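Student: the amino acid sequence is not available; the structure is as follows:
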């Protein structure tokens, strides 16, 4: 063990008490299961809304895996957020059926309207824009979700109408 680590408070990991408790509860819920990393990360995100960078070493140590492995999983899967989401999460389907119905145009419109790219949150914290790869609403493409509510046959105009009450 290096001297810096020995002198450091083991509880000073950059997490507040609530976040630490939620991470520990997620780890405890999956203790003893084989290969629980994905389940733990999903549960941490469900509890906190994202996977804080400070959680990576805590999870790695608890699961006896490297920090690089945890970080690699968090950054590989688009589902995991590394920062808090906005008050309203807008998910735009990018799968084949929606692409056939020009979801790229809808995505470009949404980015212009909100002034952000995919995987970004507006400066005021109001909106987060995320791509998803199938919402199961293929017959009504292009599809999107706002705060978990599904919408189909979305046009740039209906997009504007749907987010207007959220402002």
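Tutor: Received the coordinates, thanks. No experiment lies behind these values; they were computed from the predicted model shown. Residues are numbered from 1 along each chain as shown.
Student: show me the protein divided up by domain.
Tutor: Following automatic domain parsing, one finds the domains of the chain at 3-76, 88-166.
Student: for those domains, give me a markdown table that also has mean pLDDT.
Tutor: Shown next, in a markdown table, are those (pLDDT from 0 to 100):
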| stretch | mean pLDDT |
| --- | --- |
| domain 3-76 | 88 |
| domain 88-166 | 97 |
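Student: can I get the ones you listed in CSV including mean neighbour count and distance to residue 82?
Tutor: From N, CA and C alone the C-beta is placed, and that goes for glycine too. Output for the domains of the chain, formatted as CSV (neighbours: other Cβ atoms under 10 Å; distance: least, Cβ to Cβ, whole Å):
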stretch, mean neighbour count, distance to residue 82
domain 3-76, 15, 6
domain 88-166, 16, 9
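Student: you'd agree residue 47 is in a strand?
Tutor: No. Secondary structure of residue 47 (DSSP: H, G, I helix; E, B strand; the rest coil): helix, not part of a strand.
Student: now do the contacts for it.
Tutor: Applying Cβ atoms under 8 Å, 6 or more residues apart in numbering, we find residue 47 in contact with 22, 23, 25, 26.
Student: distance check, it against residue 141.
Tutor: Per Cβ to Cβ, to the nearest Å, residue 47 is found 33 Å from residue 141.
Student: what does residue 42 give?
Tutor: 27 Å.
Student: which pair of the contacts of residue 47 spans the longest distance?
Tutor: 23 and 25 (7.3 Å; Cβ to Cβ).
Student: what segments of this structure are strands?
Tutor: 88-93, 120-121, 127-132, 144-146, 149-151 (DSSP state E).
Student: could you find the closest non-adjacent residue to residue 53?
Tutor: Nearest residue to residue 53, sequence neighbours excluded (Cβ to Cβ, 6 or more residues apart in numbering): residue 82, at 6.5 Å.
Student: where exactly do the helices run in this protein?
Tutor: 3-7, 17-29, 37-48, 55-63, 67-76, 96-100, 103-114, 156-163 (DSSP state H).
Student: middle-most residue in this protein, spatially?
Tutor: The residue lying closest to the centre of the chain (Cα atoms, centre = their mean) is residue 81, at 3.1 Å.
Student: ok, the residue nearest to residue 53 - contacts?
Tutor: Contacts of residue 82 by Cβ under 8 Å, 6+ apart are 50, 51, 52, 53, 74, 75.
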